[in-house]
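> coords below, sequence missing:
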């Protein structure tokens, strides 16, 4: 199995930093903000690889840095240091996404990446119809034929178990679970290489959550699409991810096969997460 994405020594901080930051922040100190200079170290020296067709989970409490890491991979947040290497499935020439200019980054994000946010209003234009939201993604990916765009939208609605006859309905007429399906349809529109999932079931009723997870599992199996999944819920991670990264205070404290981490966690923080989920 070949890798699709490699993250190398990735950093993101908010503030000037100082010589004491490394000593005064991190999981051992239980904080990501330096008490001396006030700098927040949202992500420190993150390293991982993502294989083609794999689902990789990132788990941690609020403020652990998992969403910051996802935003950097989505190229919506610039990294301060490090590399995000992408190896296109159709060729062996890897590119560093951190070195792309603004135009190239936007084109890559619209063509090769899809993202599903925790809150639908972050991923959808609530003033557009459902079809208009999917069409927006396709237009950004340089689709121009109206008939093809509408046909692709109807296909995606069927794939995500949305009634195609509601293609012209507005998002506010849909339930929370259905809005997540609209987001998934939009994210899949340009047939991306990588799907980013940010707390996609948070806030949903358990029965709705189960149906959304079943949908994601089915799409991953059918499309063999690579996914990066962020969640604070170990149950969600266990259902979807083959491998898992555990983050705390901006740093990766443990990584490995999901089953191994769940059954034999090594880091005290991971042990606490697992025991609290039981």
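Looks like it came in fine. Note that this is a predicted model, so its numbers are computed, not measured.

> quick one, helices of the stretch 51-200 of the chain?
66-73, 102-112, 120-123, 130-140, 146-159, 176-188 (DSSP state H, counting those that start in this stretch).

> got those as CSV, with mean neighbour count, mean pLDDT and distance to residue 95 columns?
Any C-beta I mention is one placed from the backbone N, CA and C, and that applies to glycine too. Putting the helices of the stretch 51-200 of the chain into CSV (neighbours: other C-beta atoms under 10 Å; pLDDT from 0 to 100; distance: least, C-beta to C-beta, whole Å) gives the following:
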stretch, mean neighbour count, mean pLDDT, distance to residue 95
helix 66-73, 24, 96, 14
helix 102-112, 15, 93, 9
helix 120-123, 16, 93, 25
helix 130-140, 21, 92, 20
helix 146-159, 16, 93, 27
helix 176-188, 23, 95, 22
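
> Residue 203 is nearest to which of the ones you listed?
helix 176-188 (6.9 Å; C-beta to C-beta).

> Tell me who's in contact with residue 180.
Residues counted as contacts of residue 180 (C-beta atoms under 8 Å, 6 or more residues apart in numbering) are 116, 120, 200, 201, 204, 212.

> what's around the first one, how many residues?
Pointing back at residue 116 there. 26 (other C-beta atoms under 10 Å).

> so what's it closest to, chain neighbours aside?
Nearest residue to residue 116 in three dimensions, chain neighbours excluded: residue 183, at 4.6 Å (C-beta to C-beta, 6 or more residues apart in numbering).

> Now do that neighbour against residue 56, distance only.
Here residue 183 is placed at a distance of 20 Å from residue 56 (C-beta to C-beta, to the nearest Å).

> Output the below-cut-off pLDDT ranges for the stretch 151-278 of the chain.
278 (pLDDT under 70).

> Pull the contacting residues for the most centrally placed residue in the chain.
The centroid of the chain falls nearest to residue 196 when counting by C-alpha atoms, centre = their mean (2.8 Å). Neighbouring residues of residue 196 by C-beta under 8 Å, 6+ apart: 70, 73, 74, 113, 114, 115, 116, 187, 227, 228, 230.

> how about residue 174, what does it touch?
130, 166, 182.

> Please read the previous query as pertaining to residue 55.
220, 226, 227, 228, 229, 240, 241, 242.

> now residue 45
Here residue 45 is in contact with 9, 10, 11, 82, 251, 252 (C-beta under 8 Å, 6+ apart).

> Give me the spatial nearest neighbour of the fourth one, chain neighbours excluded.
Of all residues beyond its chain neighbours, the one nearest residue 82 is residue 10 (3.6 Å), with distances taken as C-beta to C-beta, 6+ apart.
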